[in-house]
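Undergrad: compute the structure for the input listed below.
(chains A and B)
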Amino acid sequence: MALLNREKARRFREKSMQRLLAPAALVLLYLFFGFFGRNFFSYNTFVNILDASYYIGFLALGVTFVIITGGIDLSVGTVMMAAAIIGGTAYRTWGWPMWASLILIMVIAIGFGFFNGFMVAKLKLPPFIATLGTMMISMGIGSIVSNVRSAAFPPRTEADGWFRDIFKIITEDRFAIPTGAVVLFSVAIIFHIILTRTKMGRYIFAIGSNKEAARLSGVNVEKWQMSAYVVSGVAAGISGISFPAVYTTVMPAQGQGFELFAIAGAVIGGTSLAGGSGTIFGTLIGVFIMAVLRNGLPSMNLQAHYQTFFTGVVVVGAVLLDMYRTKKTTEVRVLTPADAYKGDMALAIDQKKRELAEAKSAGDSKKVGFLEAEFKKLHAESTETYKKMKAEEKAEAARVLAEEKAAEKEFRDLLKNEK
Amino acid sequence: MELKNDSLLRLQDIEKSFTGVHALKGVQFDLKPGEVHALVGENGAGKSTLVKIMTGIVKKDAGEIFYLNHLFNPRDPKHSLEMGIGIIHQELNMMDHLTVAHNIFIGRESTSFGGLLLDERTQNRRAEELFKRLNMNIDPTEILGDLTVGKQQMVEIAKAVSHNLKVLILDEPSAALTLTEIAELFSIMRDLRNQGVGMIYISHRMDEIGAITDRVTVMRDGEYVGTQLTKEITTQQIINMMVGRVIYEEPKTKSNVPTGAPVVLKVDKLNAGKLVKDVSFELHKGEILGFAGLMGAGRTETARAVFGADPIQSGMMYIHGKPVKISRPADGVKFGIGYLSEDRKRFGLALNLTVKENAVLASYEDYQKNLFIQAKEVEEVTDEYVKKLQIKTPSIDQIIRNLSGGNQQKVVIAKWLIRNSEVLIFDEPTRGIDVGAKSEIYSLMSELAAAGKSIIMISSELPEVLRMSDRIIVMCEGRVTGELDISEASQEKIIEYATMRG
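TA: Next up is the predicted model:
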């Protein structure tokens, strides 16, 4: 039993380590730039990091749903831009009020989400192809509607610039309040709850893990698969509002490539492209790692495009690490006689401990002294013997390996002579 | 160096565990040069794992391998092939779009100009020589995919032989072959035997074992049972060794269903796809209805159609006398039908989710309130069924992949019980499950029937059908060809109906 508990503890340790690895990397990265970069530890930089995280952040949160179903959404970047530019055109050219333009942005993005979901769930198109098509379609529509002109959203000074306050409030004495962080975290929390506490979330995981098993359990696979793409559309819509709020101007050809950063964020955060696993919290960490890189590298006099380079390194590294860890946790450990001995001794020691506690509570000081000495002896003996046995086992394994190697050499020579 | 010792390949005390399963327990095996050695056992007996260890696909946990009296530990298939141990898998591992010669010499092509260009002509000539040596009639320049499966198998054997093998392992090579092709395979094997190659032959066909092998080694549940000279043992003896002391072969003698039990499910003239033709039957409350038949008789297809997993063309279904329309699994589930697939891993389980999540996968509707899943209730109900069905798992949060086959099956049963299904369709309920766990599943099914659940059991194992069923439906080529009450059923009668072409 003791051995089993130890095994459990080991599993648990590894699991929690895996969970803490990404946040730890983020904190380390932040501290690194803080110590080695210029002016990195400042409130302004902090707000800049947040600013840079919004639009990719929302996209990544949405695409996490799709990836967990075992799909992929390549269209989020261009859908977000198409929605933003059409919203901007509605405001500038068609004279719509601001609030209506923002609603239009959401409607367009959600519409594309439905379109993707329909193609994947109902028409059974491979997600890669379906969303690749949507990526081009949405980019085209953005250009067509805007007449290939960029759309400038109103600055803060105008009355219609109020929507920027959703993502950042600048007070009269020029102090910035990053309200966007509140929006991002709220959306993340809502998405997290959907994913972990609702039927929809369970079904999305089940579909990603084994679509056919889910279907045969009576799950309406088409509906829930579609819902994941719609969530991605909702997220693209919010992203499409956050982008002009931070960067003012939206250009027709923009947005391409954003989807890859969004996917990268999810992947760094531990979401598997094979489907069936992933967390919102992880994705958020992934997004912030990219945002910190983006702001930290310039503070070390490295241009912002180094971000792409290092993000690539992080993506590959994160996935490699994840694979290594999953392999570790699923490995079967072969118990050697030494391990068995250790388990037995642990039991005996536990027994002694109980006796000792009993004697202590009974106040039998003579017995306590005797038991304590015995306990120590047993402890020392078991550690000693275990070490010795382990060393012997190691030596034996090395000996067998050497023998095998020698045999193989001899054997190869034999085969050669035969020829 | 005593090469005179008669063992070519010898395995001693081999141990291997996978997560949740002890696959090999102290297994012995030895192979002599110029011998065809049959390796037999039921599914899950450990034959495949054993040959995978010989070829380095899987690493042993403990034990020793001696190859030509040398300690040998294959690192990977490439290593073992270099040393002269080759394997032909059940499924062909070849490239359909390349030529025969390309397939044979992949990775060691003949080249010219110092390795810059491929020398097709030499390569084809070498392939031709090889075929001549093996008495095979195959054109090396033909595209592999254009050959019959039998010929492709020959190419695979030729490829293995071209490595100068001393040991050749054949894992069910005859499964896809016609009788003439099998005869051809055997004559090639005899040639190789005369050249001193040792062969390990895995097959389920007893007649083949008698025809080609010299010795037989039997395995059961990961354990070594024994080795005998083929000519000194009868087929019945081999089967007895494979099955062991079987407690579960005791057939049922009379139906446990009370007369006049209501009909729960009625299927009338069901047609679906090519393998379900005018199928009609009735299922009573508390009944275990066995579905027997050969492979491809349409039993699984019928079950899937009834459950809504596959579309139906025509026919009616009635639940408690009311006509119902079942066109998707969600409908089947709604009307209280639960389907336990023959292939749990592909169709029954979300393998990387937990026991808990799999157990309630069909019933989340019942365990949510105001859009939120009631985590505590889910845990309670899962705990309850883990106890009831005696599912062995460290916790309900265990990833289901790590459970043994029998316990995985129990989780699938729990899934449908939690959903409160009235009709349970068990498709090959004990496939890939240890003997011990088998009888547990059996008693579970009997208990469920006694508790008023109605069970359809599809099984290819006749003893299983005779032990469990109250009534037996026999199918052949998509039609129902017979219906037997358990009191009148026998293996012979079932086989007679199963081969009766409607």
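Undergrad: give me the residue from the stretch 101-250 of chain B nearest chain A.
TA: B:Asn164 (8.1 Å; C-beta to the nearest C-beta). All C-beta atoms are positioned from the backbone trio N, CA, C, and that covers glycine.
Undergrad: burial of residue 198, as a residue count?
TA: With no chain named, the answer covers chain A. By the criterion of other C-beta atoms under 10 Å in any protein chain shown, A:Thr198 has 17 neighbours.
Undergrad: not quite, I wanted chain B
TA: Counted with other C-beta under 10 Å, the neighbours of B:Gly198 add up to 25.
Undergrad: can you report phi and psi for it?
TA: Main-chain dihedrals, B:Gly198, degrees, to the nearest 10: phi -90, psi 130.
Undergrad: hmm, B:Ser174 is touching B:Glu208, no?
TA: Yes. Using C-beta atoms under 8 Å, B:Ser174 is in contact with B:Glu208, at 6.1 Å.
Undergrad: ok, these two, which is more surrounded?
TA: B:Ser174 (22 against 17).
Undergrad: who touches the most centrally placed residue in chain A in this structure?
TA: Closest to where the C-alpha atoms of chain A average out (C-alpha atoms, centre = their mean) is A:Gly269, at 1.5 Å. Shown in contact with A:Gly269 (C-beta atoms under 8 Å, 6 or more residues apart in numbering or on different chains): A:Ala22, A:Ala60, A:Thr64, A:Gly278, A:Thr279, A:Phe281, A:Gly282, A:Thr283, A:Leu284, A:Ile285, A:Gly286, A:Val287.
Undergrad: am I right that the second one is in a helix?
TA: Read that as A:Ala60. Yes. Using DSSP: H, G, I helix; E, B strand; the rest coil, the assignment for A:Ala60 is a helix.
Undergrad: buried residues in stretch B:60-76?
TA: Judged by neighbour count using 16 or more other C-beta atoms under 10 Å in any protein chain shown, the buried positions of stretch B:60-76 are B:60-61, B:63, B:65-74.
Undergrad: quick one: the helices in chain A?
TA: Secondary structure of chain A by DSSP state H: the helices cover A:2-36, A:43-68, A:76-92, A:98-117, A:127-146, A:179-197, A:199-209, A:211-216, A:221-247, A:258-268, A:280-299, A:306-330, A:337-362, A:365-418.
Undergrad: the residue of the stretch 101-250 of chain B closest to chain A and B:Gly84 touch, don't they?
TA: Yes. With contact defined as C-beta under 8 Å, B:Asn164 and B:Gly84 form a contacting pair (6.4 Å).
Undergrad: excluding its backbone neighbours, what's nearest B:Glu461?
TA: The shortest distance from B:Glu461 to any residue other than its chain neighbours is 7.6 Å, reached at B:Thr430 (C-beta to C-beta, 6 or more residues apart in numbering or on different chains).
Undergrad: re the thing from before, what pLDDT does the residue nearest to the centre of chain A get?
TA: pLDDT, A:Gly269: 90.
Undergrad: most proximal residue of chain B with respect to chain A?
TA: Closest point on chain B to chain A, by C-beta to the nearest C-beta, is B:Val333, at 3.0 Å.
Undergrad: interface residues of chain A facing chain B?
TA: A:4, A:8, A:193, A:197-199, A:202-203, A:205-206, A:209-210, A:212-220, A:276-277, A:330, A:332, A:334, A:400, A:403-404, A:407-408, A:410-411, A:414-415 (C-beta under 8 Å from any C-beta of the partner chain).
Undergrad: now chain A against chain B: closest residue?
TA: For chain A, C-beta to the nearest C-beta, closest residue to chain B: A:Gly218, 3.0 Å.
Undergrad: B:Gly336 is in contact with that residue, correct?
TA: No. Counting by C-beta under 8 Å, A:Gly218 stays clear of B:Gly336, with 10.8 Å between them.
Undergrad: out of the two, which sits in the busier spot?
TA: A:Gly218 (26 against 19).
Undergrad: which of the residues of chain A next to chain B are buried?
TA: The neighbour count (16+ other C-beta under 10 Å) marks A:197-199, A:202-203, A:205-206, A:209-210, A:212-220, A:276-277, A:404, A:407-408, A:411 as buried among the residues of chain A next to chain B.
Undergrad: could I get the pLDDT score of residue 341?
TA: Answering for chain A, as no chain was given. Predicted confidence (pLDDT) for A:Tyr341: 82.
Undergrad: not what I meant, chain B
TA: Listed pLDDT for B:Ser341 reads 88.
Undergrad: once you drop chain neighbours, what's closest to it?
TA: B:Phe347 (3.7 Å).
Undergrad: can you count the residues close to that neighbour?
TA: Neighbour number of B:Phe347 under other C-beta under 10 Å is 20.
Undergrad: contacting residues for it?
TA: Taking C-beta under 8 Å, 6+ apart as the test, what B:Phe347 contacts is A:Asn210, A:Glu212, A:Ala213, A:Leu216, B:Ser341.
Undergrad: ok, and the closest non-adjacent residue to the fourth one?
TA: This means A:Leu216. Distances taken as C-beta to C-beta, 6+ apart put B:Pro329 closest to A:Leu216, at 5.1 Å, once the chain neighbours are dropped.
Undergrad: correct me if wrong: that neighbour contacts A:Gly218.
TA: Yes. In this structure, B:Pro329 is within contact of A:Gly218 by C-beta under 8 Å, at 5.3 Å.
Undergrad: residue most distant from the centroid, the chain?
TA: Since no chain was named, I'll use chain A. A:Lys366 (58.3 Å).
Undergrad: I was after chain B.
TA: B:Phe113 (49.0 Å).
Undergrad: for that residue, phi and psi?
TA: Backbone torsions of B:Phe113, given as degrees, to the nearest 10, read phi 50, psi 50.
Undergrad: now B:Gly336
TA: phi 90, psi 20.
Undergrad: same question for B:Ile202.
TA: Per degrees, to the nearest 10, the backbone of B:Ile202 is at phi -100, psi 130.
Undergrad: residues contacting it?
TA: Contacts of B:Ile202 (C-beta under 8 Å, 6+ apart): B:Ala38, B:Leu39, B:Val40, B:Lys47, B:Ser48, B:Val51, B:Ile169, B:Leu170, B:Asp171, B:Glu172.
Undergrad: the stretch 351-500 of chain B: helices as residue ranges?
TA: For the stretch 351-500 of chain B, the helices defined by DSSP state H, counting those that start in this stretch cover B:355-359, B:375-388, B:405-418, B:435-450, B:462-468, B:491-498.
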